[in-house]
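Student: what shape does this take:
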Amino acid sequence: MRQVYFNGEFVDEGEAKISIYDSAMMFGDTIFEMTRSFHKEQFKLREHLERLYASAKYLHIDLEEIMTMDEMEQAVYKTIEMNEPYFEKDDEHRIMIDVTRGLLSIYQDVVGTHTGLNIIIADFPLRWTVEGMGKLFDTGINAVIPSQRAIPASLIDPKVKNRSRVHYLMANIEVSNYEGDNNWALLLDTDNFIAEGTGDNFFIVKDGKLYTPEPRNILRGISRGYIMELCGEMQIECIEKNLDVYDVVNADEAFMSGTPFCMLPVTSINGQKIGTGKMGHITEKLLNVWGENVGVDIIGQIKEWNRTSKKQMTDAPSPYFFKKKL
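Tutor: This is a model prediction of the structure:
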């Protein structure tokens, strides 16, 4: 059985539980990171940990006093080592790190309950996250603008990766009622500029240049940052600026970026075709170079997982969309 690092010990995955009195349950008071591997080697783990510790500092969670970043990194690798026997040969490791503030003060006397921070490191197959996405490399995503807006930095800073994400879920529920398939939410900020998806960042291509929303009102994704690195490597200009729906409609290409799938083409917005209506040349070129750099056929890997999947579809939502009601 897969093992979870839970406050310094390893426990069976099904036994990794926090109290109903935890601040995470009461306030969604949790910071987290999720990583992936290529050929079972963690990708940008240190960058994910740096963001985790920056989030902790911002939220006054004394994580560094309990566990240093180096210790956290070693705990991640130990978790992977413990779980490798339970992974298939072609699996990739999807690490999920959650840190909660712990019990609220009025519940501290509950007998047998852990007090203080909860530090949880889980490891499960990446295919769980990306199963069903293989077709999107061919069809593309239809980005739908919901009425739900992104939470602006003036209210709660979205650069802190936290579990208070009801606004994402509300956007996904609204978009699930949109006609057609492959609909993913693309949120605007309160100034009506493009912000982000519900767990992914957004880019457009126009006249050979990449554009992405300025980082003020978005989560600054690790994949987003790597794409900007690739642009430097490939001598493609990448510009952070305010984008509106008009810019997207008139773009040559568009795509979403995210840790599990790296890049997925966005071929329409609100049902209106973007560019040729297929994955664009620069999108494909960036994704190919990414795959070459990590030694993985990213598209082929995800499509193969789709082909061999034995998982049954359920009515439960995913991080990116809410299942359409029939």
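Student: not counting sequence-adjacent ones, nearest residue to the residue nearest the centre of the chain?
Tutor: In the chain, the residue lying closest to the centroid (C-alpha atoms, centre = their mean) is residue 199, at 4.5 Å. Excluding its sequence neighbours, the residue lying closest to residue 199 (C-beta to C-beta, 6 or more residues apart in numbering) is residue 319, at 4.5 Å. In short, each C-beta sits where N, CA and C put it, glycine included.
Student: also residue 224?
Tutor: Leaving aside its sequence neighbours, residue 224 sits nearest to residue 201 (C-beta to C-beta, 6+ apart; 4.1 Å).
Student: ok, the one you found touching residue 214?
Tutor: No - between residue 201 and residue 214 there is no contact under C-beta atoms under 8 Å: 11.6 Å.
Student: more neighbours: which of the two?
Tutor: Per other C-beta atoms under 10 Å, whichever of residue 201 and residue 214 has more neighbours is residue 201, with 23 against 16.
Student: list the contacts for the more buried one?
Tutor: Contacts for residue 201 (C-beta atoms under 8 Å, 6 or more residues apart in numbering) come out as 212, 213, 218, 219, 221, 223, 224, 256, 257, 258.
Student: phi and psi next, for the residue nearest to residue 92 when sequence neighbours are not counted.
Tutor: Take residue 92 and drop its neighbours on the chain: the residue closest to it by C-beta to C-beta, 6+ apart is residue 126, 3.9 Å away. Backbone geometry at residue 126, expressed as degrees, to the nearest 10, gives phi -60, psi -30.
Student: got the contact list for residue 126?
Tutor: With C-beta under 8 Å, 6+ apart, residue 126 has these contacts: 36, 37, 91, 92, 93, 94, 260.
Student: who does the closest residue in space to residue 34 that isn't next to it in sequence form a beta bridge with?
Tutor: The shortest distance from residue 34 to any non-neighbouring residue, by C-beta to C-beta, 6+ apart, is to residue 96 (5.0 Å). Beta-bridge pairing for residue 96 (DSSP bridges): residue 34, residue 122.
Student: understood, closing this out.
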